[in-house]
Each structure stands twice: as structure tokens, then as C-alpha cells.
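Chemist: my questions are about this predicted structure, shown below with the sequence.
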Amino acid sequence: MKRRLFLVSLIVAITPIRAEDPKPTAEFVLSLVRRSYALQDHKMTGRLRDDATGREEPLELTLSSTVMRFLFRNSPPEIVHLDLTTSPATLWQVKSGGSSQVPLKNAADPVRGMDFNYEDLSLRFIYWKNVKMLDAEARITAARIKCWLIRVTAPDQNGPYYTVDLWVHKDSGGVAKMEAYDTRSKMVKRFEVRKMQKKVDGATVLKEMVIESLNQLSGDVKGRTYMTMDAPAKH
């Protein structure tokens, strides 16, 4: 069975939807996204690059059925890991002072000064209960993939996002694009997979993803970060 990319370079392997199957509900599509986390097992290296300054942050990404871990070795070193054994998944941060859970009040804080935050890493929005289908035949032209487009709405107004639109890859159940909005329906964040690459075993994984934060008043891009992953090592 083919395995393909899931958002932040996650590998997924799920049962594909056949053409003769009934049209899936928004709840079912969101469940595919959550299920994809349980089928991960790989490690890759790469970097984050700030578009404005050119500053880079090397990273090591480890994925398994229980954890997604980002290791940043530059000073100050930091590990951010998502515990997938809890529901919803729990985000932890490890620094020189020890390990602590990332509180909701820090969800909007940038990770390593880049344009994605702890909310993006925790992916709380894939556990929100209020979900609806926006387009069962959506496409992402740049990546040439067919998607379902669903919208999830937060149960409260405590986090940085209130509604999040997700383009879910039909072949894998992975999220290929995301747009997040505040309580005034102003877009504040978006990211999209731009390039893919093949692993030795035939799986397709992330090569490049762009993350953009937007000005809530003008809608202009105020920051852009690229996540680029190295070619998978041969074993």
C-alpha cells in the first residue's frame, strides 16, 4: 500500500477510499487525519528558514506511533514533542531546566522565532468536535492532489485560532494545506506542502512546506518560514 506525506512531514498508511464507497462525512474525514498519527515510523533531518532574514534552524524530526519529536540543537537546545498516547495529544517542551507541558496561554508563542507556533505543533484543532464539509472535490493545484476540504471550529475562544480549514489528501488522509482564522473570520495563519520526495521504500515524504503568518487587519503576509527536509537516508 502506498504511504504519503501528512502535513508536518508525517508518513501515513491508511485504507484508501474507493470510488464506489459512499461520500464520507466531515467527521469521518477528520477521523482519518487522527488515525494517520498511529501509523508513523521514521526519522528525518532538515531545517527551518526565515524568509526575511535567511536565518536557519537545523532540526531532527522523529515520528513513531506514540510521539512526534522536534529536536533543535542550536543554542539554546530544545526538544518539542507531541505525546500521541493521550486524547487530545499533549505537547511538551524540554529545555535545560527540565520538561514541562506547554500551557494553552503559550499556544500562540513562536517556535524558535519562526512563523509557526506551539498551537501548530499540538494540532489541537484536529480534535475539535464541530466539523463540517466545505468541498468534497477540492484540489491543490501546486501539489496536484485531490482533497476534501473541511472546517473545524473551536469549542471556545481561548486559543489563537477559532476556525481552521483543512485540505485533507484523499489518497492518505493527511493534511496538505491549512488556513486558520480568528474570531472575526480574519486569516492569521496558513501552511501548505509544496514539494515531496520518495523514500527508499517507496513512501512519499515532505521535501518543502511553507508556513505564513498574516496581518489580521490587512491580510498581508507578515512572516514566512520554510520547512525543508533532507533526502531520506539509505539503509
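Modeler: Right, received. Where do you want to start?
Chemist: following element in sequence after the biggest helix by length in the chain, please.
Modeler: Ranked by number of residues, the top helix in the chain under DSSP state H is helix 26-36. Per DSSP states H and E, the first helix or strand lying C-terminal to helix 26-36 is strand 42-50.
Chemist: so where do the helices sit in the chain?
Modeler: Using DSSP H, the helices of the chain run over 26-36, 118-122.
Chemist: kindly compare burial across these and name the winner.
Modeler: Between the helices of the chain, helix 118-122 has the highest mean count of neighbours, a mean of 22, where neighbours are mean count of other C-beta atoms under 10 Å. Bear in mind the C-beta positions are built from the backbone N, C-alpha and C, glycine included.
Chemist: which outside residues touch it?
Modeler: Contacts to helix 118-122, defined as C-beta atoms under 8 Å, 6 or more residues apart in numbering, come from residues 8, 70, 80, 82, 88-91, 93, 102, 106-109, 111, 125, 159-161, 189, 191, 211.
Chemist: would you mind listing which of the residues you listed are buried?
Modeler: The neighbour-count test (16 or more other C-beta atoms under 10 Å) applied to the contacts of helix 118-122 identifies 8, 70, 80, 82, 88-89, 91, 93, 102, 107, 111, 125, 159-161, 189, 191, 211 as buried.
Chemist: with just CA atoms, put the longest helix of the chain into CSV.
Modeler: What follows is helix 26-36, C-alpha atoms only, in CSV (Å, rounded to 0.1, in the frame of the first residue of the first chain):
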residue,chain,number,x,y,z
ALA,A,26,-16.7,15.5,7.6
GLU,A,27,-16.4,13.6,10.8
PHE,A,28,-15.1,10.6,9.0
VAL,A,29,-12.5,12.7,7.1
LEU,A,30,-11.3,14.2,10.4
SER,A,31,-11.0,10.8,11.9
LEU,A,32,-8.7,9.8,9.0
VAL,A,33,-6.4,12.6,9.9
ARG,A,34,-6.3,11.5,13.6
ARG,A,35,-5.8,7.8,12.6
SER,A,36,-2.8,8.7,10.4
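Chemist: quick one: list the elements packing against that helix.
Modeler: Contacts defined by 3 or more C-beta pairs under 8 Å, 6 or more residues apart in numbering; DSSP states H and E place helix 26-36 against strand 130-140, strand 145-153, strand 163-169.
Chemist: got the ones you listed as a markdown table, with mean neighbour count, mean pLDDT and distance to T183 columns?
Modeler: A markdown table is the format used below for those (neighbours: other C-beta atoms under 10 Å; pLDDT from 0 to 100; distance: least, C-beta to C-beta, whole Å):
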| stretch | mean neighbour count | mean pLDDT | distance to T183 |
| --- | --- | --- | --- |
| strand 130-140 | 15 | 92 | 14 |
| strand 145-153 | 21 | 93 | 10 |
| strand 163-169 | 23 | 94 | 9 |
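Chemist: mind checking which of these is nearest Q197?
Modeler: Nearest to Q197, of all these, is strand 145-153, at 14.8 Å by C-beta to C-beta.
Chemist: distance between the closest one and the chain's centre?
Modeler: Relative to the centre of its chain, strand 145-153 is centred 13 Å away, using C-alpha atoms, centre = their mean, to the nearest Å.
Chemist: partners of it in the sheet?
Modeler: Note on strand 145-153: by DSSP bridges, its sheet partners are strand 130-140 (antiparallel), strand 163-169 (antiparallel).
Chemist: R184 and Q216: what is the separation?
Modeler: In this view, R184 and Q216 are 7 Å apart by C-beta to C-beta, to the nearest Å.
Chemist: avg pLDDT for stretch 109-119?
Modeler: Per-residue pLDDT over stretch 109-119 has a mean of 91.
Chemist: quick one: end-to-end distance for that stretch.
Modeler: With C-alpha to C-alpha, to the nearest Å as the measure, stretch 109-119 spans 8 Å from end to end.
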